[in-house]
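**Student:** Generate a structure from the sequence data that follows.
(chains A and B)
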Amino acid sequence: MSTPWSIVAADTLDDLLAVMQHNPGCRPLAGGTDLLVQKQLRPLDGEPCVDISRIPELAGISRTSAGDWRIGATTSYSQILADPVLCETFPMLARAAGLTGGWAIQNRGTLGGNLANASPAADSPPALMCYEAELELVGPSGSRQMPLADFFLDYRRTALRPGELIAAILMPARDPRVWHESYTKVGTREAQSIAKLSLAIALHLEDGIVQQAFLAGGALAPTCVRLFECETLLVGARLERALIPRLQDSLQRAIHPIDDLRSNEHYRRRVASALLERALRTAMKGTA
Amino acid sequence: MSESPIRFLLNGQPQTWKGDPFRRLLDVLRIDLGLTGSKEGCGEGECGACAVLVDGTLVNACLLPMLQVRDRAVLTIEGVEHDPLGARLQAAMAQAGATQCGICTPGMVIAALALLRANPRPTREEVRRGLAGNLCRCTGYMKIIDGVIQAAEESA
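**Tutor:** The predicted structure follows:
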């Protein structure tokens, strides 16, 4: 029994909420770089979709009076890359955006879509986790906010309730100058490839002592994974080479990589440890 | 789902199209409108053979439902010769020998046009990055890049 794919337009947030209330299983569609691929792969297994790409409340990059950031869910990677202050403040997000697909994909793919699609190999979550991103969710019962760290529940399963969607990604103001950051994506080629694994690390150091640490990995578990134990080991410690094996052990305990079409567990474990070491050595050089 | 007509500009000409709003722009171009210059290489946005410009922005037509084309201006490879920079690009790429089988060529020209409009004097590295979403199985890319650089130099 085949079900056709269907789509309606919503040009305002009110229209959209009415559509989602009437049909909570409706899939929001913005750039379509994941959804249209699914439609192509399962043409007979259709889902009702709603075009949200022209809704003003879901678009745009803005700052609060406190300097915190709000990125509308339908903001594309290209729009992110075109904002110099945003890129300077959140360099790992800029790097992730520039490594997603190619130019045509970056013009269409959106930050909200990347998160809602919830692939464990998604490019933006490891960076966003290190920036303590929160999500503004809207649905029929109103809006709520939640940390990104709580958003991914399991493989391609998010905390979105029926009829709910991501309205914006929120990030607190920060001074990038006091942070050592690195974002690495390992893929088959430099563009148009999905991550075999990725690692984002942000360290705030003062006189060689770690004040704050954020680490997150992609394609290393059923969801993007924050490396909380590594962070705990790092905070308050002097960043030195002797610390690296302990951190690598902690990393190996925290990740659950699998064999799949893009890579295998062994490679992912080996390379994740290597990326962690490389990032830490670079941060140590910066403080020498 | 009622099928309201979708109005858009196509290579400068107003168009009105009726049909399934989820139909891909690529299929409307190739099948409904007979504009077979845009190619389907993958249907997944990985190869760039279907690249068109929508309001001047490079997009893959295989990932664009017609509903999202409403009120937009679409430029396909068929319209490129009427754009002065586009025509120079086509001539330069032909001169450079940038085409073997030709299936990637329309997408390459569209992507290169978008690149040169955004960055009139790109380095070779910038050309590579701009064309990173366009795959070629024949040429090894060198002559494609040569052609784009040549067009940029002629347009300086």
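
**Student:** residues touching the residue in chain B that chain A sits nearest to, list them.
**Tutor:** Closest residue of chain B to chain A, Cβ to the nearest Cβ: B:Gly133 (2.3 Å). C-betas here are computed from N, CA, C, even on glycine. Taking Cβ atoms under 8 Å, 6 or more residues apart in numbering or on different chains, we find B:Gly133 in contact with A:Gly101, A:Gly102, A:Trp103, A:Ala104, A:Ile105, A:Ala191, A:Gln192, B:Gly48, B:Ala51, B:Leu58, B:Asn60, B:Ala111.

**Student:** Is the last one within a helix or a strand, and which one?
**Tutor:** Right, the one you point to is B:Ala111. B:Ala111 belongs to helix B:105-118 when assigned by DSSP states H and E.

**Student:** Touching whichever helix or strand comes after that helix from outside, list them.
**Tutor:** Following helix B:105-118 in sequence order, the next helix or strand is helix B:124-130 (DSSP H and E). Here helix B:124-130 makes contact (Cβ under 8 Å, 6+ apart) with A:103, A:191, B:111-112, B:114-115, B:118-119, B:122, B:141, B:145, B:148-149.

**Student:** Pipe those into TSV and attach pLDDT and distance to B:Glu78 per row.
**Tutor:** Converted to TSV, those look like this (pLDDT from 0 to 100; distance: Cβ to Cβ, whole Å):
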residue	pLDDT	distance to B:Glu78
A:Trp103	97	21
A:Ala191	92	27
B:Ala111	98	16
B:Ala112	98	16
B:Ala114	98	16
B:Leu115	98	20
B:Ala118	98	22
B:Asn119	98	24
B:Pro122	98	25
B:Tyr141	98	24
B:Ile145	98	24
B:Val148	98	20
B:Ile149	98	25
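
**Student:** Closest one to A:Arg70 out of those residues, please.
**Tutor:** A:Trp103 (25.5 Å; Cβ to Cβ).

**Student:** Quick check: the gap between A:Thr232 and chain B.
**Tutor:** 39 Å (Cβ to the nearest Cβ, to the nearest Å).

**Student:** A:Ser53 contacts A:Ala73, correct?
**Tutor:** No - between A:Ser53 and A:Ala73 there is no contact under Cβ atoms under 8 Å: 10.4 Å.

**Student:** More neighbours: those two, which one.
**Tutor:** The residue with more neighbours, out of A:Ser53 and A:Ala73, is A:Ala73; 27 against 21, by other Cβ atoms under 10 Å in any protein chain shown.

**Student:** Could you pull up the residues touching the more buried one?
**Tutor:** A:Ala30, A:Ile52, A:Leu58, A:Thr110, A:Leu111, A:Gly112, A:Gly113, A:Leu165, A:Ile166, A:Ala167, A:Ala168, A:Ile169.

**Student:** Apply 6 Å and report the result again.
**Tutor:** A:Leu58, A:Gly112, A:Ile166, A:Ala167, A:Ala168 (Cβ atoms under 6 Å, 6 or more residues apart in numbering or on different chains).

**Student:** Among those, name the ones in helices.
**Tutor:** If you go by DSSP state H, the contacts of A:Ala73 have A:Gly112 in helices.
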